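Q: Need the 3D shape of this:
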Amino acid sequence: MLRRLIALFCVLLMSVSVMSPAHADRRLDGPRPVVFVHGFSGSAGQFETQARRLASNGYPAHYIEGHEYDSTFSTNTVAQVFASLDQRIARLLDETGADKVDLLAHSLGTALMQSYLRSSPARAATVAHYVNLDGATAESPPGGVPTLAVWGEGPTERSIGGAANVYFSGQSHTQVVTSPETFARFYEFVNGRAPHTTWIVPQGRISLSGRAVLFPSNVGADGARLEIYRVNPGTGERLGHTPLAAYPLTGDGSWGPFEGWGDASYEFAVVWSETSVHHLYFQPFLRTDRLVRLLTSRPGEGLSGLVETGDHHSALSISRQKEWWGDQGQAGDSLYINGRQVLNAANAPRTKRVIGMFAYDAGRDRVTDLAEPIPEFFATPFITGMDVYLPAGGHSTSIVSRPRGGHGRIDAVVVPSWPSSEHRISVQLNDHPN
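A: Numbers count the residues shown, from 1 in each chain. The predicted structure is shown next:
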């Protein structure tokens, strides 16, 4: 009898040894890979803060990805979005040894992902949990996958039947994606316990990587060159004439990894030509970030092509993954450009859900006029435009935000006053409290 047991044990050992590595390493007790699917005009950048929070709670950074697509569907079809998601999930499961992924989607992405999960039992079987962020309602959890639905401001009648439904009525549409309250709820939902922290825990040495993409299609900025410089946070000026790193941008616009410092300020220069450079600035990243998105456009195309340019003024685009409220008084936001408060009820009403704005000298008359938004930009979802004269050359331009709910916190970025005739400037401010 003992010999038979020993022989059976040897057979079992041999069967384990010939299993595929992915199957042999399949884990059920650790964190699963996380995939985020954005909404209309979005990108993986809207999950950037939550990715850093996940990593602050022990998730490996490479377990967290965004699934991007052209939300205008001019360069891809829904079937192609689904097929590429199949490939992404299969790759993540193979690379991590996990049994399933956790899937999150926002806005338009929720309608897509509900359809995806219902499209076949095989697809639903690869997803352990689904998080529906301020998007489509449903009568039941899509594909039978355990579902958490998080809703922001709006009717509280919205729900997914049979799901855990959570309502944050004081949070706006994109804020629901990035808020610490949402993080705490979805983390506990997918892990069965509360997170250790909802803050982004700083690191010293960090690694940055991501994509440079055309807005809003998320097509790669093919044909440009990316240069990365460390800058003086007080002036925005480069600390050295030679970039710390340079990457040719091809295909999907991927770049990196770039090794840097969590408390440093960097400029990302997308060089289209010697006379067309797009300078992008962020607040310090604090820790490793694999979802950095450099939203750009080819010279003269897209919304940037509508900006009136000149040698004597700068042009800015400013974004934040949390809506700007310019009509809510003390309960709203303040945004100062060179000391002038630029948000108001006309250009950033709460109902507009502004997360991006263009500021430049409309009419090139060297006069600021904030009475009305610039119509071409205000007509675009989530975008506004304002007539702000920003002298170019010899000055720095300061962007200072006092975010609502920040208890007096200030977010600030200072940039060189590049002339808009050859230079575009984009600034992304934090949506998180630290």
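
Q: show me where the stretch 301-434 of the chain has strands.
A: Secondary structure of the stretch 301-434 of the chain by DSSP state E, counting those that start in this stretch: the strands cover 316-324, 334-337, 340-341, 354-360, 383-387, 396-402, 411-416, 423-428.

Q: Reformat the ones you listed as JSON lines; add distance to residue 33.
A: All C-beta atoms are positioned from the backbone trio N, CA, C, and that covers glycine. Listed next are the strands of the stretch 301-434 of the chain as JSON lines, based on distance: least, CB to CB, whole Å:
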{"stretch": "strand 316-324", "distance to residue 33": "22"}
{"stretch": "strand 334-337", "distance to residue 33": "36"}
{"stretch": "strand 340-341", "distance to residue 33": "43"}
{"stretch": "strand 354-360", "distance to residue 33": "27"}
{"stretch": "strand 383-387", "distance to residue 33": "32"}
{"stretch": "strand 396-402", "distance to residue 33": "33"}
{"stretch": "strand 411-416", "distance to residue 33": "31"}
{"stretch": "strand 423-428", "distance to residue 33": "26"}
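
Q: what's the closest of those strands to residue 369?
A: Evaluated over those, closeness to residue 369 peaks at strand 383-387, with 4.6 Å, by CB to CB.

Q: Give me the angle between the closest one and strand 316-324.
A: Relative orientation of strand 383-387 versus strand 316-324 (axes from the mean of the first three to the mean of the last three CA atoms, to 10 degrees): 130 degrees.

Q: contact partners of strand 383-387?
A: Applying CB atoms under 8 Å, 6 or more residues apart in numbering, the external contacts of strand 383-387 come out as 303, 342, 347-348, 352, 354-363, 367-370, 373-378.

Q: Rounded mean pLDDT for it, please.
A: Taken as a whole, strand 383-387 has a mean pLDDT of 98.

Q: now do stretch 317-334
A: Average pLDDT, stretch 317-334: 97.

Q: In it, which residues are buried?
A: Residues of stretch 317-334 classed as buried under the neighbour-count rule (16 or more other CB atoms under 10 Å) are 317-327, 332-334.

Q: end-to-end on that stretch?
A: With CA to CA, to the nearest Å as the measure, stretch 317-334 spans 16 Å from end to end.

Q: Check stretch 88-105 too.
A: 15 Å.

Q: centre of the chain versus it, how much separation?
A: When distances are taken as CA atoms, centre = their mean, to the nearest Å, stretch 88-105 is centred 20 Å away from the chain's centroid.

Q: ok, now stretch 367-385?
A: On the basis of CA atoms, centre = their mean, stretch 367-385 sits 23 Å off its chain's mean C-alpha point.

Q: just to revisit the earlier point, can you tell which of the strands of the stretch 301-434 of the chain is closest to residue 245?
A: Of all these, strand 423-428 sits nearest to residue 245, with 18.9 Å by CB to CB.

Q: For residue 149, give its distance to residue 189.
A: Between residue 149 and residue 189 the computed distance is 10 Å (CB to CB, to the nearest Å).

Q: Would you mind telling me which of these two has more residues around it?
A: Comparing residue 149 with residue 189 by other CB atoms under 10 Å, the one with more neighbours is residue 149, at 24 against 18.

Q: got the contact list for that one?
A: Here residue 149 is in contact with 131, 132, 158, 159, 160, 163, 164, 165, 166 (CB under 8 Å, 6+ apart).

Q: three-state assignment of it?
A: strand (DSSP: H, G, I helix; E, B strand; the rest coil).

Q: Can you read off the pLDDT for it?
A: Looking at residue 149, the pLDDT reads 98.

Q: Show me what it is bridged to.
A: Counting by DSSP bridges, residue 149 is bridged to residue 132, residue 165.
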